[in-house]
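[1] no FASTA, just this:
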Ligand SMILES: Cc1ncc(COP(=O)(O)O)c(C=O)c1O
Ligand SMILES: Cc1ncc(COP(=O)(O)O)c(C=O)c1O
């Protein structure tokens, strides 16, 4: 075993102290008929070989292409401070701070994380943390049901499909139902939550609504009118859940400002690498009124016996280890280290830096919009957006594949992200952030223009046959 | 200034406390005629842009090619523990441990480094540390002069040319002279230090020799007979300096075993990345008898007022800050962090791991020898080697360039490493280590065979025009 | 905490000073936001702190030093498997090829990660003896939810809708009953038998047509192998229910027991325990779930698929309609799974078996050494952890388990898990893991000997511990009564300064 | 030191246990070494420790916590410029494209690093006003040697062989006279004038046909700008000698003074001071050297050259016969230079000037605040550092500079440089740098106030300090008398255990 300390002599000493002849005796409780068949795994791989193998695997991923992918996960500049802090063994090899006397480091950083997200959302209580944006959104929906003792949730189709699917799965076992609020099909508000439909859904007195969920920006990148949505929800006695993208809160009104009761979201943009899907960070915040409904970890400020300020996990009676089947959630292991990353990111970048990140993304996205429109791909919706938007490309899926073969990750075909919605079939969802360069935009537009000029594709090529060009340079 | 803490308000407070109206007043001592012309540097680059720029520059270096480069710097597997320790701010942002009470971390690791290198060399005293192998070798030569009060040094041509040149530069100012001991031109000992010539050089009674320097393995990768060299030196009253490659000491006899008085060498192979030349680590060790002659930092074990074991810099009267013009050397800033790397490397890899590294390199090199010989490039010298050797390739320089164009770093043309020596003009110095793969060896041999089959080159191409193929994969 | 000086640190908000920080991001064009409707804009910048990099990094470095961690000392926290987190795994997860890959990148450009995930699934299949594995769950608890929702889907698909209960032993981890609730089931608790195993009679009495599943932790949270597991599973299956294994304690039986072969229908792994991914101060981890044939159709989507030509791809939305759906966005906590993959690869079959052997050996050694000092409620051979109890000591001296835990801190050790499992009075769950040396184990025993002696001779020394930590015991009551959960600008009196 | 428990650590040898470790390197074929002559083989493996990764990393993590460092607190070590080391620079130096490049890689595959080095030379030229820069020297002292050897080559080339002396002010850093000796010169010391500057009369008296060069540190090690520098340089040049500037203190005058414009012929930079590369516990640094026209031919080889087509290459061996040769292998401490390049790039002209402004401002602020507490030998405006002295305090209370230094440790501060420069009694050289906040500076003043008060009221508190460090003052005398410089297996009595 590569990391074990025990020599044969050590083992002999231990066996003698225990009073058994061999290790096998310690496993005597395992009935013979239950013993395992031989473990069919490769031989141990020395680190040298393992490192070469992993480097080779990592090299098969192409992370050097111009990328316009977003849809909930965003490339951002991550200051070097984040990894410097995260790679400190004292942080990443500690566990849940059960013993506060020797865990003030973790505890204080969690308290600071709570405070930073509270500042960002202008809500009061932040739990640290949830698995990802989807799980946090599902937990938020469940919170509205517990708080209102109602069992019906309304979710805008502007909320990311993965989140809606996750919610469906989470609700799969119980009595709670959810319905989708459609998006406006056309006109100036096309692609945003249909307020009239929401109003209709809220009026069924027999089936009172616990919570209304809408996303800002929504999954199509469009800005929603959050205030009226919240007003309608509150008028019906429901709670209002805002699903937000945290970097956008550098410039967009915070959930607290439009009276959201709960805010959920994906914390990945706050200093966390894309990593093909995780670990990310589920953001969850609420008003003081809901403090006893919020699941997950909470750290509070208190004092020690000598009156020194110190931090401790608190209100633990909500959690599974104390309350078991009556707990607010089953969450135990969370995403604490990702919360630390988000805290370091926010504290490094500061209020002005966060505004700059969001505003620069918006500026780059506007350039992208112009360039793609000039290349023949106008926007699909007229409404305002921050840094992500859909464009209309005839044969989007095929064009997307041909652009990939030219080394451009041309956003996400809406036909794949939202397969059900015919109006989106020819859409590509594209995004820009502060790391998007003018060259990348120009290259994308050029390639797209050429593909569009070349006319409709001759036919799709099979998946594995796409030959992505080798990078001239690694980046 | 990106890292400064001072706001306008802070500056105003400080100026008020000092009692001046503005910062310029503090510079009043600078005579007006000496004030600088405007600083013609680019505008500050935000970290985001700087990071992209540096990534782009780093990407212009091709570190993904199959490499057989050695000649004093070797690719090795560096366990992850090394960087984990080196990237701890408490180590890398501390300075010389002048205040032992708050520097026990640095002090103990230096003491451990001294002990580890002592174990490796089987010598007593190790200084921590010198700039690199070349500077350490020059310091070793100077030590022999101080210790013997003689002024003539003999250096084998088997010592790396850079080291000999460095020695020449270091001696450029003073009375000390040095002469080169030739290598045996042919026969079974071809390429190793010429013992007969050494004997002749040692017999000039008017010009007594302070020290004799030889390298094991030597710059051509050949194993020297160190014992007789040392015997001859000692017989003439000279000290014997062994210039060693530290990984080889996992399997080769240590300097202490063949009675070297001093050992110098390049510590880079001990967990330090090639980095195009540095920072590396000058190894310098000697017998107890020479302790007061050794330059550089020494840490000793002692106790504190309460009798607790602790570590402190000691014998500082050799150093420039105490002794000024009578110091053993002018060295002040050294390569402490690289010494820490070497210590972590050695302690991670252990005695058996070090043997495995050296033996695996030897095994790979033997495979390389066979493959190149089969391709038409036999060895240039018959004697034993560890993991580096020269092969005979007609038109070596041109072939080397053509192999580069095929993506192989085919070792080092000896015509460039040892320009003076006609017998080496058609030599390529190649090396293998534990990270060299069978595929790389096969690819090198195949390419070489094809180039040799294609006959003599049509003519050399100009330097910048070599088109190195893009990597299929980043590694 | 810096090597000297006040170890406690101001909050990051107290370090803030308007105008500090900056230099990271280029300034955007002035009109960058003009096209946004005014109503959607933020009125004032968020109240984030403004700190310059030097003060900020120092803040975190000094805070980090206030933590006890695996990288600083022994951490025998039972049930949590605080073993060594190999450093190469951290390096691997940070390789740009892995770290920078967008989760919606087309399959063609994600072949490295897809292959790794696929191979990891195969390795976990082999280790568990299950038919298939999903890597999607973000943690053990989410794995439990995944598993129990699949159980529900299974019964539903058979039209067997009357199964509303899940049987859970009393000693189970809190996530088990909490999961049952989340999945819409009622938890039925099963008491333990005298030997620490499940009480078979009580179990048989509870089992019936309303039973959807049993959730069993094996080895149990008492550190014991469930010897009657064959009998239990037979009864479960005979009753038409399914058997879920909480695999959090798999570290004890790698290569010795394959849950799939034992007859479990579904189980989860805790990669942050068994496969040594670091705990991160509470997370992230990952909780892959293995299933037997019966639950195969219900696995969450997307799965990683391997094509005939050896390439890999993700299942497309809707491709497998029987799936219970997704538990989260994208495919899983990939960065964590890279570490688990590396761990399995560098151990191999032989190393993994040795992991369990040494984990069990170390636990039994500690148990034997502590047997004279504390109560050992279950004397039979333990697995990778064991329960000790201070019940007798408390009666004799008044010193409780909590006091021992706090006093251990003074000796440089992290306390074991205390007051869990709930079924043992004054419980202490001790898990030394396989990566702690005999010297460390012996030093821990010596500290315990000294503490027990103190409990008799100088109990106040123990009950007032810790004495050498940066803070003394905390006022948890007022923390909960008047929760202060976020920084609000406060006056000095309300915010006690750290010194 | 872990957050609790014994902070001192056993040596890595005491952690060793035969059979531990391993798992990193594949085993070589059995016959791998058979072809080596027996006489060249090692008889027994080296006596390196055998430690497993967990214990090993813990060892270093715990040791690291025993250090005071820039990353943990204020470090006003005069002459050393312990300012912030930006984290992006560490990231940059580790980029595989930079880190993995072999120094003998052909120019074609090293264009990234070659361009960086070339651009860095241009930036240093601009900052210094010198004609050309070599990046080869590994540290300031090696830069000095480089410079003085070039001076020697210059005189020799002119046949001017009688110049055997180098003039060095008394206050100079020890490396200056030591360098002169290494380069074969005799050092002539020049005493200071009352204002701290060079005593011009003494200087003129020493200057003559035997003078090869003067070495001047400007700003001086007293933290003072050498106001009569113009006059001195004129005299030097009139006497046929050259002027070397020790640029270690350049941090004070970036953008304000360019030594080349002032008339210096040669100077070195300390990138680990001015350009913030970390000090690494004593190194590595880098000591680039700038030269004026006269010394251009003598620059060490190889230089980095730029071709007409914009590509870069290294000078070939022998290409420039006037060169003094090489000072080391390969081109320099490139990893360090990458950091310096990044520092200059993210500051730009504007930021570098602000660096100096703020460094000087902070030093003058501290000087003003400490003026009532300690003697300030030179009252005029200081540059980036200043000398204070405990001479009066010592006479009044017996408390010496060393005691103050040790007592500062208890407050979490690293002491200033003590007893240097040698020309001031009970000297303390204090350099706050530009990256420390006003809060930190004020806290330092408060600590000093308290210590001075203690010196009067409770001097033993100060003279027995530090009280809170992991160790108390050390027995340096026996360390030197009976040096123990390496681990030898010893009995317990001879090797006091760390606790
Ligand atoms: C026995 C047992 N089951 C389940 C869990 C829950 O796993 P996680 O914390 O990963 O959600 C734990 C974790 O502590 C556990 O010990
Ligand atoms: C004034 C002065 N000159 C020269 C040096 C020597 O530089 P280095 O330590 O880089 O060799 C120093 C370093 O401390 C210094 O402060």
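    Yep, that arrived. These figures come from a predicted structure and were not determined experimentally. Numbers count the residues shown, from 1 in each chain, chains lettered A, B, ... in the order given. Ligands and ions are numbered 1, 2, ... in the order given.
[2] domain map for the chain?
    Let's take chain A. In terms of domains, chain A is parsed into A:80-346, A:350-454 (source: automatic domain parsing).
[3] wait, chain C was what I had in mind.
    If you go by automatic domain parsing, chain C breaks into C:88-346, C:390-481.
[4] circling back: redo the domains of chain A as TSV? Include mean neighbour count and mean pLDDT.
    Bear in mind the C-beta positions are built from the backbone N, C-alpha and C, glycine included. What follows is the domains of chain A, written out as TSV (neighbours: other Cβ atoms under 10 Å in any protein chain shown; pLDDT from 0 to 100):
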stretch	mean neighbour count	mean pLDDT
domain A:80-346	24	96
domain A:350-454	21	96
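[5] output those domains in JSON lines, with distance to chain D appended to each entry.
    Listed next are the domains of chain A as JSON lines, based on distance: least, Cβ to the nearest Cβ, whole Å:
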{"stretch": "domain A:80-346", "distance to chain D": "4"}
{"stretch": "domain A:350-454", "distance to chain D": "14"}
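[6] got CSV for those domains, with distance to residue D:405 too?
    Below are the domains of chain A laid out as CSV (distance: least, Cβ to Cβ, whole Å):
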stretch, distance to residue D:405
domain A:80-346, 28
domain A:350-454, 36
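[7] distance check, the closest residue to ligand 1 within the stretch 351-475 of chain A against chain B.
    With Cβ to the nearest ligand atom, the shortest gap between the stretch 351-475 of chain A and ligand 1 falls at residue A:417, namely 29.3 Å. Residue A:417 is 28 Å from chain B, where distance means Cβ to the nearest Cβ, to the nearest Å.
[8] so that residue touches residue A:71, yeah?
    Yes: here residue A:417 lies in contact with residue A:71, judged by Cβ atoms under 8 Å, at a distance of 5.9 Å.
[9] which of the domains of chain C sits most buried?
    Of all the domains of chain C, domain C:88-346 has the most neighbours on average by mean count of other Cβ atoms under 10 Å in any protein chain shown, namely a mean of 23.
[10] so for that one, what's the average pLDDT?
    Mean per-residue pLDDT for domain C:88-346: 97.
[11] end-to-end on it?
    10 Å (Cα to Cα, to the nearest Å).
[12] starting at the chain centroid, how far to that domain?
    13 Å (Cα atoms, centre = their mean, to the nearest Å).
[13] is any residue of it near chain D?
    Yes: Domain C:88-346 is in contact with chain D by Cβ under 8 Å from any Cβ of the partner chain, via residue C:346.
[14] cool, stretch C:419-432 as well?
    No: Stretch C:419-432 lies apart from chain D when judged by Cβ under 8 Å from any Cβ; the minimum separation is 12.2 Å.
[15] which residues touch the closest residue to residue C:155 other than its chain neighbours?
    Counting by Cβ to Cβ, 6 or more residues apart in numbering or on different chains, residue C:155 lies nearest to residue C:163, which is 5.0 Å off, once chain neighbours are set aside. The contact partners of residue C:163, taken as Cβ atoms under 8 Å, 6 or more residues apart in numbering or on different chains, are C:155, C:209-212, C:240-241.
[16] ok, now residue A:425?
    Here residue A:425 is in contact with A:396, A:414-415 (Cβ under 8 Å, 6+ apart).
[17] check which helix or strand covers the residue of chain C found nearest ligand 2.
    Distances between chain C and ligand 2 by Cβ to the nearest ligand atom are smallest at residue C:54, namely 21.3 Å. Here residue C:54 sits within helix C:53-64, counting by DSSP states H and E.
[18] and that helix, what does it pack onto?
    helix A:80-86, helix A:89-92, helix A:104-121, helix A:336-374, helix B:89-92 (3 or more Cβ pairs under 8 Å, 6 or more residues apart in numbering or on different chains; DSSP states H and E).
[19] ligand 2 is nearest to which of the ones you listed?
    That would be helix B:89-92 among the helices and strands packed on helix C:53-64, by Cβ to the nearest ligand atom, at 15.9 Å.
[20] how many other residues sit next to residue 17?
    Chain wasn't specified; assuming chain A. 18 (other Cβ atoms under 10 Å in any protein chain shown).
[21] I was after chain C.
    20.
[22] now swap in residue A:23 and tell me
    18.
[23] what's the answer for the one 4 residues further on, then?
    For residue A:27, the number of neighbouring residues by other Cβ under 10 Å comes to 19.
[24] OK, contacts around it?
    Residue A:27 neighbours (Cβ under 8 Å, 6+ apart): C:225, C:253, C:256, C:360, C:381.
[25] confidence score at it?
    pLDDT at residue A:27 comes out at 98.
[26] before we move on, the earlier item: ok, of the contacts of residue A:425, which one's closest to residue A:274?
    Comparing these against residue A:274 with Cβ to Cβ picks out residue A:414 as the nearest, at 20.1 Å.
[27] the closest one and residue A:447: what is the separation?
    As judged by Cβ to Cβ, to the nearest Å, residue A:414 and residue A:447 stand 19 Å apart.
[28] pretty sure residue C:275 sits against residue C:346.
    No: counting by Cβ under 8 Å, residue C:275 sits too far from residue C:346 to count as a contact (11.0 Å).
[29] and the closest residue to residue C:18 other than its chain neighbours, which of the three is it?
    Nearest residue to residue C:18 in three dimensions, chain neighbours excluded: residue C:50, at 5.7 Å (Cβ to Cβ, 6+ apart). Per DSSP: H, G, I helix; E, B strand; the rest coil, the secondary structure class of residue C:50 is coil.
[30] would you mind measuring from residue C:50 to ligand 1?
    36 Å (Cβ to the nearest ligand atom, to the nearest Å).
[31] if we can go back for a sec, mind listing the shared neighbours of residue A:417 and residue A:71?
    With Cβ under 8 Å, 6+ apart as the test, residue A:417 and residue A:71 both reach A:219, A:429, C:104.
[32] now render those residues as JSON lines, adding secondary structure and distance to residue B:182.
    JSON lines is the format used below for the shared contacts of residue A:417 and residue A:71 (DSSP: H, G, I helix; E, B strand; the rest coil; distance: Cβ to Cβ, whole Å):
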{"residue": "A:219", "secondary structure": "coil", "distance to residue B:182": "77"}
{"residue": "A:429", "secondary structure": "strand", "distance to residue B:182": "73"}
{"residue": "C:104", "secondary structure": "coil", "distance to residue B:182": "67"}
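[33] quote the end-to-end distance of stretch C:252-271.
    14 Å.
[34] and the closest residue to chain B within the stretch 301-450 of chain C, how far is that from residue C:71?
    Closest to chain B within the stretch 301-450 of chain C is residue C:342: 10.3 Å, counting by Cβ to the nearest Cβ. If you measure residue C:342 against residue C:71 using Cβ to Cβ, the figure is 18 Å.
[35] please pull up the helix or strand immediately following the helix holding residue C:54.
    Where DSSP H and E defines the elements, the next helix or strand beyond helix C:53-64 is helix C:87-93.
[36] for that following helix, name the packing helices and strands.
    Counting by 3+ Cβ pairs under 8 Å, 6+ apart, the elements that helix C:87-93 packs against turn out to be helix A:47-60, helix B:80-86, helix C:334-370.
[37] how about those in a markdown table, adding distance to residue C:229?
    Formatted as a markdown table, the helices and strands packed on helix C:87-93 follow (distance: least, Cβ to Cβ, whole Å):
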| stretch | distance to residue C:229 |
| --- | --- |
| helix A:47-60 | 35 |
| helix B:80-86 | 39 |
| helix C:334-370 | 17 |
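[38] what's the closest of those helices to ligand 1?
    Across those, closest to ligand 1 is helix C:334-370 (Cβ to the nearest ligand atom), at 10.6 Å.
[39] C-terminal to that closest one, what's the next element?
    strand C:386-389.
[40] could you say what helices and strands the next helix-or-strand element following that following strand packs with?
    As assigned by DSSP H and E, the chain's next helix or strand after strand C:386-389 is helix C:391-397. In this structure, helix C:391-397 packs against helix C:438-457, with contacts taken as 3+ Cβ pairs under 8 Å, 6+ apart.
[41] so how far is the helix it packs on from its chain's centroid?
    Distance of helix C:438-457 from the chain centroid (Cα atoms, centre = their mean) equals 28 Å.
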